[in-house]
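Enquirer: Need a 3D model of the following:
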Amino acid sequence: MNANDIQLFALGESRGFGERVGAVLSVPLSKHEERHFEDGEHKTRSLENVRGRDVFVIQSLYSEPEISANDKLCRLLFFIGALKDASAERVTAVLPYLCYARKDRKSKSRDPVTTRYVARLLEAVETDRVVTLDVHNLAAFENAFRCRIDHLEAKKLFTGYFAPRIGAADVVVVSPDVGGVKRAEQLRQALSHRLCREVGGAFLEKYRSAGIVSGEAVVGDVKDKVAIIIDDLISTGGTILRAANACRQRGAKSVYAAASHGIFVGDAARVVANAGLERLVITDTIPPFRLDASLVQKKLTVLETAPLFAEAIRRIHSGGSIVELLASGSDEK
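Expert: Predicted structure coming up:
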């Protein structure tokens with residue numbers, strides 16, 4: 001790819017991730033300025049000419065101690081607006097983690113549907129396209145946006161990690177609730193194809209009332225098998241721990257967990273350290289900065305997503321197929 005054909009920006013805390021994406025593409029990050037004023041306001045602008053260019057802006061929208069997801073979103077919006085005002089031909093927002101994706105419906109009277117509002121904000125500054133990874137509810141994500149969207153999946157990464165470690169052992173992919181069955185089924189099929197044998201599937205009942213989660217009935221056979229619990233994200237870790245305990249109680253030989261986004265708030269460190277979990281596998285869309293480094297080394301595996309995003313950017317820029325990228329992501333081609 002010719003570096004003159006594309007411009008790649010990475011804002012603030014996502015610069016390291018952006019540099020890894022740029023290295024895969026052989027495209028250096030374009031220069032920009034981020035200024036922070038004493039009253040809390042800020043300004044972000046490109047230091048390079050973007051007129052008529054195909055521009056990609058990387059910003060993972062998770063909260064950190066020094067900057068909230070709201071701040072990151074606001075800075076992203078202003079920067080995209082400035083790029084469009086500077087006559088960029090097309091601006092694609094590359095969002096490894098999309099904030100507010102879990103608030104995709106009204107669960108109570110007069111509830112906000114924040115996923116839709118975020119979509120409207122991005123569209124208001126004339127964002128041409130949005131790329132993200134493993135949102136909480138794909139249908140809600142697709143319905144929220146009117147601009148072009150691309151939804152990437154981490155299943156190839158998880159398949160590549162688990163397949164060589166499973167060996168000849170019997171394995172079952174477990175969804176911690178009914179809502180995640182489709183995600184678990186996709187990983188089950190990918191593992192079955194990679195291992196050249198049938199992989200089992202199971203799911204747990206889950207009930208939520210006043211913020212309390214209950215239900216431990218397991219539908220499916222986990223006895224004497226390696227259980228892999230799959231979810232889109234881990235926040236406090238309560239859902240994963242509930243599923244791990246249920247699998248252990250029903251005779252699972254070992255239990256692993258995988259999630260695309262590791263948020264790790266509240267009592268998550270206790271969950272990660274739990275002896276019932278052999279290991280927890282996440283991607284690098286959110287660095288595990290809330291966990292102690294020794295715990296990360298002992299129990300966590302972080303898979304790199306930069307090559308996946310780089311290939312998506314390459315295909316979007318050249319008119320290639322994201323559908324084929326996702327199909328090959330299950331090792332079917």
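Enquirer: low pLDDT regions in the stretch 1-150 of the chain?
Expert: Where the stretch 1-150 of the chain drops to pLDDT under 70, the residues are 1-4.
Enquirer: the strands in it, which residues?
Expert: 7-10, 32-36, 42-46, 54-58, 90-95, 129-133, 148-152 (DSSP state E, counting those that start in this stretch).
Enquirer: Switch those strands over to TSV; also include mean neighbour count and distance to residue 293.
Expert: From N, CA and C alone the C-beta is placed, and that goes for glycine too. TSV is the format used below for the strands of the stretch 1-150 of the chain (neighbours: other CB atoms under 10 Å; distance: least, CB to CB, whole Å):
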stretch	mean neighbour count	distance to residue 293
strand 7-10	24	24
strand 32-36	13	28
strand 42-46	17	30
strand 54-58	25	25
strand 90-95	24	27
strand 129-133	21	25
strand 148-152	18	28
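Enquirer: right, so of those strands, which gets closest to residue 303?
Expert: Smallest distance to residue 303 across these (CB to CB): 11.3 Å, for strand 129-133.
Enquirer: Each with direction, which strands does that closest one pair with?
Expert: Applying DSSP bridges, strand 129-133 is found paired with strand 90-95 (parallel), strand 148-152 (parallel).
Enquirer: Now render these as CSV, adding distance to residue 18.
Expert: Formatted as CSV, those follow (distance: least, CB to CB, whole Å):
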stretch, distance to residue 18
strand 90-95, 8
strand 148-152, 16
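Enquirer: Would you mind saying which of the ones you listed lies nearest residue 259?
Expert: strand 148-152 (15.0 Å).
Enquirer: Now do stretch 234-251, average pLDDT.
Expert: In this model, stretch 234-251 has a mean pLDDT of 94.
Enquirer: Please disregard the earlier target; I meant stretch 298-313.
Expert: For stretch 298-313, mean pLDDT rounds to 97.
Enquirer: what about the helices in the stretch 51-200 of the chain?
Expert: 69-85, 114-124, 138-144, 155-166, 181-195 (DSSP state H, counting those that start in this stretch).
Enquirer: Would you tell me which of the strands of the stretch 1-150 of the chain gets closest to residue 288?
Expert: With distances scored as CB to CB, the stretch of the strands of the stretch 1-150 of the chain nearest to residue 288 is strand 129-133 (16.2 Å).
Enquirer: that older thread, how about the helices of the stretch 51-200 of the chain, which one is nearest residue 264?
Expert: helix 69-85 (14.7 Å).
Enquirer: by contact count, what packs against the closest one?
Expert: If you count contacts as 3 or more CB pairs under 8 Å, 6 or more residues apart in numbering; DSSP states H and E, helix 69-85 packs onto strand 42-46, strand 54-58, strand 90-95, helix 114-124.
Enquirer: contact partners of it?
Expert: Contacts with helix 69-85, where a contact means CB atoms under 8 Å, 6 or more residues apart in numbering, come from 9, 11-13, 32, 34, 42-46, 50, 55, 57, 59-63, 91, 93, 99-100, 118, 121-122, 124-127.
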